[in-house]
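J.: how does the following fold in three dimensions:
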Amino acid sequence: MPSPRVSFYTLGCRVNQYETRRWMAQLPEEIAIVPITQTADIVVINSCLVTSQAERDTRQIIHRARRSNPEATIITTGCYVDLHDDTGEIEPGMVIFSREEKDQIPAFILRHLGIEYSGPRELPGFAPAASRPPLLIQTGCDKRCAYCIIPHVRGASWSRPSEEIFRELTSMAGTFGEVVLTGINLGSWQEGSHSFGWLLEKLLDLLGDKTRIRMGSIEPEYVTDHVISLMSHERLAPHIHLPLQGTSNPVLRDMGRPGTVDAYRRLIDNILQVNPLVAVGADVIAGYPTETDEHHRAGMEFVRDMPLAYLHVFPYSSRPGTRAAQLKPLKSGVARERARELRTIDAGLRSAFLSGFVGRTVLVATERRLSGKNLHQGMAGEFFPVNFTADLPPERLQKVRITHYADTIKGVALDRSGALSHQ
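T.: Now for the predicted structure:
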């Protein structure tokens with residue numbers, strides 16, 4: 001009798017990726033976990049709604065799963081479910097798990113298939129974030145930015161106990177070249193008098209030299225002097241992603257964001273004083289309803305002049321139930337056009353940043369072998385993908401000399417002495 005088959009599809013953030021990986025790990029080996037492109041007895045969809053596009057993607061994936069698996073049980077969970085009471089009507093026969101219920105998904109699958117739990121399993125190579133897994137330290141958010149729906153569906157901020165985090169990191173160390181600290185509002189982690197900087201330092205001290213930590217996106221107000229002092233730590237990836245969102249003070253105020261653009265600039269300057277090699281990235285929202293042409297022009301000048309490695313640009317997307325949804329939107333197409341202009345700036349920032357790496361050595365978290373002789377791919381500490389050649393199987397954390405930058409970044413692995421391993 002063939003093994004029962006289960007597939008997973010994960011939309012959205014690293015927290016969703018972490019959840020899906022955890023559910024996969026709780027299914028015994030008797031169950032075949034297959035890619036979403038293959039037929040399955042059960043399909044699990046972990047949804048998203050951070051933008052209207054994410055909502056459309058969720059609905060399309062549900063429809064596609066039903067077309068591909070007419071007889072399957074389709075389980076849907078995630079943020080989309082927690083906002084829309086009518087999710088179960090998208091396709092007939094779906095099983096819905098709310099935020100409070102989603103941890104029961106593995107047990108439901110076992111009962112449904114008539115299989116008993118027999119211990120954890122190895123995750124398949126196509127699992128989310130297979131080579132650089134997330135480590136959840138926190139979920140939920142107590143901030144109330146005017147445009148953001150996530151606090152409404154993720155609930156109040158909750159910090160995972162430090163001992164749990166230490167145990168999980170210890171189990172991952174040495175197995176992966178890089179572990180990504182993950183949360184809905186990462187920097188808000190708190191345990192008694194201990195805050196995020198304390199936790200980060202403790203986690204770095206747990207690691208050997210075969211694994212590094214990368215911080216996920218962290219709100220600027222949580223980047224304390226303690227956190228900044230750790231930015232030169234050898235086991236912390238030299239990269240920080242600081243959401244900016246509004247690019248001018250009036251828009252930041254209207255968004256309900258703390259701080260100012262000048263405070264944001266000072267924070268980046270302070271980080272780069274400790275470690276000038278840190279790659280700093282930012283999220284920006286284009287076309288917020290109260291953003292004028294003057295705000296936009298000033299914002300473009302601001303980000304163009306900042307020592308940023310890249311921008312993640314999002315056209316404003318109205319989310320029902322938020323304060324911003326009550327505002328009159330800008331004329332049709334304005335947000336998309338402003339996003340296009342900001343992405344042009346992003347392209348220039350990326351090019352200037354990446355071109356400076358030719359001839360330099362970076363530490364790459366090896367992710368996969370590519371087709372081609374001795375060709376591999378991984379993620380540099382400074383948060384860009386690298387294709388590199390290596391005569392011997394590369395280390396999980398591999399030193400690579402960057403030799404070329406055009407459409408892709410290419411390099412050559414170095415051996416432990418620092419010599420080229422591939423001539």
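J.: V34 and V6, how far apart?
T.: 7 Å (C-beta to C-beta, to the nearest Å). For the C-beta atoms, the positions are set from N, CA and C on the backbone; glycine is no exception.
J.: any common contacting residues for these two?
T.: A40 (C-beta atoms under 8 Å, 6 or more residues apart in numbering).
J.: what ranges do the helices span in the chain?
T.: Shown for the chain, the helices assigned by DSSP state H span residues 14-25, 52-68, 79-83, 105-113, 150-154, 162-172, 196-206, 225-229, 249-255, 261-274, 293-305, 334-355.
J.: nearest to A40, of those?
T.: helix 52-68 (8.5 Å; C-beta to C-beta).
J.: how distant is that closest one from the center of its chain?
T.: Relative to its parent chain, helix 52-68 has a centroid offset of 21 Å by C-alpha atoms, centre = their mean, to the nearest Å.
J.: any low-confidence regions in this structure?
T.: 1, 416-423 (pLDDT under 70).
J.: the same query, at a cut-off of 50, please.
T.: 422-423 (pLDDT under 50).
J.: returning to what we had before: and the helices of the chain: which comes nearest Q38?
T.: Across those, Q38 has its closest neighbour in helix 52-68 (8.5 Å, C-beta to C-beta).
J.: pull out the buried positions in the closest one.
T.: 54-55, 57-58, 61-62, 65-66 (16 or more other C-beta atoms under 10 Å).
J.: okay if I get those as JSON lines plus distance to P128?
T.: Output for the buried residues of helix 52-68, formatted as JSON lines (distance: C-beta to C-beta, whole Å):
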{"residue": "A54", "distance to P128": "16"}
{"residue": "E55", "distance to P128": "20"}
{"residue": "D57", "distance to P128": "15"}
{"residue": "T58", "distance to P128": "16"}
{"residue": "I61", "distance to P128": "14"}
{"residue": "I62", "distance to P128": "18"}
{"residue": "A65", "distance to P128": "17"}
{"residue": "R66", "distance to P128": "22"}
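J.: closest one of the residues you listed to E191?
T.: Looking across these and measuring by C-beta to C-beta, the closest to E191 is A54, at 31.5 Å.
J.: can you give me how far stretch 292-311 is from the chain middle?
T.: 23 Å.
J.: export it as PDB, just CAs?
T.: This file holds the C-alpha atoms of stretch 292-311, laid out as PDB (Å, rounded to 0.1, in the frame of the first residue of the first chain):
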ATOM      1  CA  THR A 292       2.300  64.600  -1.400                       C
ATOM      2  CA  ASP A 293       4.500  65.100  -4.400                       C
ATOM      3  CA  GLU A 294       6.800  67.100  -2.300                       C
ATOM      4  CA  HIS A 295       7.100  64.400   0.400                       C
ATOM      5  CA  HIS A 296       7.900  61.900  -2.300                       C
ATOM      6  CA  ARG A 297      10.600  64.000  -3.900                       C
ATOM      7  CA  ALA A 298      12.200  64.700  -0.500                       C
ATOM      8  CA  GLY A 299      11.900  61.000   0.400                       C
ATOM      9  CA  MET A 300      13.700  59.900  -2.800                       C
ATOM     10  CA  GLU A 301      16.500  62.300  -2.100                       C
ATOM     11  CA  PHE A 302      16.800  61.000   1.500                       C
ATOM     12  CA  VAL A 303      17.100  57.300   0.600                       C
ATOM     13  CA  ARG A 304      19.400  58.100  -2.400                       C
ATOM     14  CA  ASP A 305      21.800  59.800  -0.100                       C
ATOM     15  CA  MET A 306      21.700  57.200   2.600                       C
ATOM     16  CA  PRO A 307      24.500  54.500   2.900                       C
ATOM     17  CA  LEU A 308      22.000  51.700   2.200                       C
ATOM     18  CA  ALA A 309      22.700  48.400   0.400                       C
ATOM     19  CA  TYR A 310      19.200  48.000  -0.900                       C
ATOM     20  CA  LEU A 311      15.600  48.900  -0.600                       C
END
